[in-house]
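Engineer: Take this sequence and fold it.
(chains A and B)
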Amino acid sequence: MQAYIAKRFLLFIPTLLLATLVVFILLRLIPGDPALVKLVGETGESHFTQAQLDAMRAKLGTDRPLYVQYGDWVWGMLRLDFGVSLFFEEAVSRDLAAKVPITLELTVLALLIATIIAVPLGLLSAIKQDTPADYVARIITITGVALPNFWVGILIVYFLVLLFGWMPPLGYANVWEEPATNLQQLIFPALALGFYNMAFTARVTRSSMLEVYREDYVRTARAKGLAERVVILRHALKNALLPMVTVSGYEFGRLLAGTVVIENIFMVPGMGKLLIDSVLHRDYTTVQAVVVVTTVSVLMLNLVLDVLYGWLNPRIRFT
Amino acid sequence: MAQASRGIAASSGVVIRGLRPRGTIWQQVGSFARRKPLGAFGAVVALMLIVVAIFAPFIATKDPAETNAALVYAPPGSELLLGGDQVGRDVFSRLVYGARVSLYVGLLSAFIGATIGMVVGVTSVHFGGKTDLILQRIIDTMIAFPALILAIAIMAALGASLNNVVIALSIAFMPSTARVLRSQALTVKEMDYILAARVIGAGHGRIIFRHMIPNCLALYIVLVTVFLGTAIVAEATLSFLGIGVPPDVPSWGGMLNGAAQRYVHLAPWLGVFPGLAIAIVVFAWNLLGDALRDVLDPRLRGT
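Structural biologist: Sure, this is the predicted structure:
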């Protein structure tokens, strides 16, 4: 097990560095010159002297060689310093510190809602295979994976406004200070965000449950006279949920990407909203920071899940 | 969509049977329709999308850019079939023209992304060793980026335009194709005909393009179909967020942006119809993709 964890860690570090390099290359090389963008952005037109441009380059540090800039940037991030926002002109880390918890809360809430609905739904669908209950569950899940999340979000807003004349209060109240308002604000965005996830998880649960159902150990469990409930919950479901562990890393990434859309519909001031705002303001420093934070959290979660999977499923450790 | 590609990934080590001709093309289409009615439905919707996109000027009842103060928020069914938007443009005609954007972005980005991914994946396997190791680390890293976030970052760098959406989505699709086709190529590489080709002195290019890639094509076709649906949603998402196709170009995602959200109570049709168009097309395309996967590779059934 130690060797397995050590191997995972060794693979993790180069991946992490490569990820930052990809983001750096993407956003530092393609748009050309952030100094130019900034000068044009300030005056609205491109009336500036070469001296001004040089001064701006020196101020932003883009006059240094690229590898120095990259090293500096990575070193800064290790100390949680993400640079200064090109547009808002303050430390990006301050913005992030305020927005990361909001997005995290939204994501966890979505995951929670999705799982609470999906696992029983998938289970029911598998146990009652090819009955009306199964068909209904499958129709729900097929629709769920086909509907784009922003449309689900818009439809939820429509539904609330048209039927109840009520909009979820926009914005964000602190979860520790005003938990009721907070839940009121986040429950619908979380529902819209988790909808795809719910459908997907239910489908995976169903198919892996159907597979596990035919395994010898399930037959053995039945043969030795265990109650059906025990067979399903302790023997079948436990093993059927194993694939979910690996899939959930990707699902978390998908949810994080989904927050970009959902936060913009429901005006939740999280990372996703920050990302789009900074893209629209051509604020590359903030875009870089958000993309790196998102990707690194997906990578870290995958690392944890890999280790967890190795622990849950001993077979994997020796391959 | 995602689970489709994952399903394919999970079945590494499966040899895909090639596209063997059985009867005339019409007989094949007929048997496909009988065996896969849902897939056939998907194909019909896909075909309709193509027809609408090509003949948009003949189908649209008005100029999609024409504004009319008298028709601002005109309800559906009156003078305008699907109503008017915040500046009195015809929602129906904009939907028809929007099909062009969806199809253009969908086809091109799925095709380009999957093709580059296939070449990278197969080349990586063919050369093996260090090349494979390095390329795989890069692919692993790219896969760690949530595809939409990667596409947004690229759009931030390139700026909003139709072709930049294609570039961004192609790059976002590339790594997962490379990974899926790599696992396919690994089994192809062990085949005797590759050994035979090597023995008679075939060069790298010949082995990759004449022997390995043709044997990965079935999986490639499935992936292109799957990506097409994903690309349509992704384009709509980017345009909806205001960083995809420029607002003056009618696109389904763009139509949902702005007024469609703010004036829900005034004009619900602004949000309902474009979303419905996206949902139907993507749903149909997924059905087609599933059916194609079953037909081209029977062993993947049920995944």
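Engineer: residues contacting the most centrally placed residue in chain A?
Structural biologist: Centroid-nearest residue in chain A: A:L256, 2.0 Å away (criterion: C-alpha atoms, centre = their mean). Contact analysis of A:L256 by C-beta atoms under 8 Å, 6 or more residues apart in numbering or on different chains lists A:T103, A:T107, A:M271, A:G272, A:T294, A:S297, A:V298, B:P146, B:I149. All C-beta atoms are positioned from the backbone trio N, CA, C, and that covers glycine.
Engineer: how about 6 Å then?
Structural biologist: A:T294, B:P146 (C-beta atoms under 6 Å, 6 or more residues apart in numbering or on different chains).
Engineer: how about it, secondary structure?
Structural biologist: What DSSP: H, G, I helix; E, B strand; the rest coil gives for A:L256 is helix.
Engineer: Tell me the predicted confidence for it.
Structural biologist: Looking at A:L256, its pLDDT reads 89.
Engineer: For A:F252, give me phi and psi.
Structural biologist: The phi/psi pair for A:F252 (degrees, to the nearest 10) reads phi -60, psi -40.
Engineer: ok, now which ones touch it?
Structural biologist: A:L301.
Engineer: try the one 3 residues further on
Structural biologist: Neighbour list for A:L255: A:T107, A:A110 [criterion: C-beta under 6 Å, 6+ apart].
Engineer: returning to what we had before: how much space separates the residue nearest to the centre of chain A from A:V290?
Structural biologist: 10 Å (C-beta to C-beta, to the nearest Å).
Engineer: One more: A:L27?
Structural biologist: As judged by C-beta to C-beta, A:L27 and A:V290 stand 11 Å apart.
Engineer: Who has more neighbours out of these two?
Structural biologist: A:V290 (31 against 20; other C-beta atoms under 10 Å in any protein chain shown).
Engineer: Contact distance from chain B - what residues of the stretch 101-250 of chain A qualify?
Structural biologist: Contacts of the stretch 101-250 of chain A with chain B, taken as C-beta under 6 Å from any C-beta of the partner chain, map to A:A146, A:L147, A:P148, A:F150, A:W151, A:I154, A:Y158, A:V161.
Engineer: Show me where the chain dips below the pLDDT cut-off.
Structural biologist: Here I'm looking at chain A. A:29-33, A:41-47, A:166-171, A:315-319 (pLDDT under 70).
Engineer: actually chain B
Structural biologist: B:1-23, B:71, B:78-80, B:259-262, B:264-265, B:297-303.
Engineer: try it again with 50
Structural biologist: Within chain B, the segments meeting pLDDT under 50 span B:1-15, B:300-303.
Engineer: any idea which residue sits dead centre in it?
Structural biologist: B:L228 (1.2 Å).
Engineer: so it touches B:A110, yeah?
Structural biologist: Yes: between B:L228 and B:A110 there is a contact under C-beta atoms under 6 Å: 4.4 Å.
Engineer: count of neighbours near B:Q28?
Structural biologist: 14.
Engineer: what about it, distance to B:L47?
Structural biologist: B:Q28 sits 16 Å away from B:L47, going by C-beta to C-beta.
Engineer: residues contacting the residue nearest to the centre of chain B?
Structural biologist: Taking C-beta under 6 Å, 6+ apart, we find B:L228 in contact with B:G106, B:A110, B:W285.
Engineer: helix or strand for it, which one?
Structural biologist: helix B:217-240 (DSSP states H and E).
Engineer: now do B:T61
Structural biologist: Using DSSP H and E, no helix or strand contains B:T61.
Engineer: Quick one: classify the nearest residue to it once chain neighbours are set aside as helix, strand or coil.
Structural biologist: What sits nearest to B:T61 in space, not counting adjacent residues and going by C-beta to C-beta, 6 or more residues apart in numbering or on different chains, is B:S93, at 5.8 Å. Recorded secondary structure, B:S93: helix (three-state DSSP).
Engineer: Just give me the neighbour total for B:S93.
Structural biologist: With other C-beta under 10 Å as criterion, B:S93 counts 23.
Engineer: which element is the closest residue to A:T141 other than its chain neighbours on?
Structural biologist: Distances taken as C-beta to C-beta, 6+ apart put A:A199 closest to A:T141, at 4.2 Å, once the chain neighbours are dropped. Using DSSP H and E, A:A199 sits in helix A:179-213.
Engineer: quick one on the thing from earlier: would you mind measuring from the residue nearest to the centre of chain B to chain A?
Structural biologist: 14 Å (C-beta to the nearest C-beta, to the nearest Å).
Engineer: again, but for B:I232
Structural biologist: Distance of B:I232 to chain A, given as C-beta to the nearest C-beta: 9 Å.
Engineer: Quick check: that residue touching B:G106?
Structural biologist: Yes: between B:I232 and B:G106 there is a contact at 4.5 Å, judged by C-beta under 6 Å.
Engineer: related to what we said a few turns ago, so of the residues of the stretch 101-250 of chain A next to chain B, which ones are in helices?
Structural biologist: A:A146, A:F150, A:W151, A:I154, A:Y158, A:V161 (DSSP state H).
Engineer: of those residues, closest to B:V180?
Structural biologist: B:V180 lies nearest to A:A146 out of these, by C-beta to C-beta, at 21.5 Å.
Engineer: dump the residue contacts of the closest one.
Structural biologist: Applying C-beta under 6 Å, 6+ apart to A:A146 gives the contacts B:V282, B:F283.
Engineer: Any figure for the gap between it and A:L256?
Structural biologist: When A:A146 is compared with A:L256 (using C-beta to C-beta), they lie 21 Å apart.
Engineer: quick one: contacts for B:L81?
Structural biologist: Contacts of B:L81 by C-beta under 6 Å, 6+ apart are B:F92.
Engineer: That one in helix, strand or coil?
Structural biologist: Relying on three-state DSSP, one would call B:L81 coil.
Engineer: Noted, bye for now.
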